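Visitor: The sequence and its predicted three-dimensional model are supplied below.
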Amino acid sequence: MPLNRVHTVPLAVAASSLLYGAHAQTSAGKAELARESLEPSVDRLIQVVSGAVSEAGGDLARSQAPWVMAFSTGHYKADPLGAQAARELASQFVARQAVTGDQVTARAPGR
């Protein structure tokens, strides 16, 4: 199946559950994300996305993909570490998975 049509893979729940592996470091009384703690989550997300695209007949290494990263921002003030982990997970995913010609868009709908 050609990738000229938009296909969505329901990964919101999977991506959210991946963030439970994130760890924090404390620096000057402020919790900061330990970015390396997300590596297993990024690995798993890549595995899930690659599998779903392959099952749909696509090949991410040979086709350009329109990556759309959507963030629910309503909880960011109450959970800034979780917000940072979500952004970092998306950034690491794109850095490792995107190829030349891919389009990346980030969305954070307002309340």
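Guide: Great, that's in hand.
Visitor: same for the helix or strand residue 93 falls within, what does it pack against?
Guide: Using DSSP states H and E, residue 93 sits in helix 80-97. Judged by 3 or more CB pairs under 8 Å, 6 or more residues apart in numbering; DSSP states H and E, the packing partners of helix 80-97 are helix 12-18, strand 30-34, helix 39-55, strand 66-70. C-beta: built from backbone N, CA, C; applies to glycine.
Visitor: okay if I get those as a markdown table plus mean neighbour count, distance to residue 90 and mean pLDDT?
Guide: Listed next are the helices and strands packed on helix 80-97 as a markdown table, based on neighbours: other CB atoms under 10 Å; distance: least, CB to CB, whole Å; pLDDT from 0 to 100:
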| stretch | mean neighbour count | distance to residue 90 | mean pLDDT |
| --- | --- | --- | --- |
| helix 12-18 | 14 | 8 | 46 |
| strand 30-34 | 14 | 13 | 77 |
| helix 39-55 | 15 | 9 | 92 |
| strand 66-70 | 14 | 4 | 89 |
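Visitor: For residue 88, find the nearest of these.
Guide: Among these, strand 30-34 comes nearest to residue 88, with 6.1 Å by CB to CB.
Visitor: strand partners of that closest one, parallel vs antiparallel please.
Guide: Partners of strand 30-34 in the sheet, by DSSP bridges, are strand 23-27 (antiparallel).
Visitor: Looks like residue 69 contacts residue 103 (just checking).
Guide: No. Counting by CB atoms under 8 Å, residue 69 does not reach residue 103; the two are 11.4 Å apart.
Visitor: picking that back up, now do the buried residues in the helix or strand just after the helix holding residue 93.
Guide: Stepping forward along the backbone from helix 80-97, the first helix or strand reached (DSSP H and E) is strand 103-107. By neighbour count on 16 or more other CB atoms under 10 Å, the buried set for strand 103-107 is empty.
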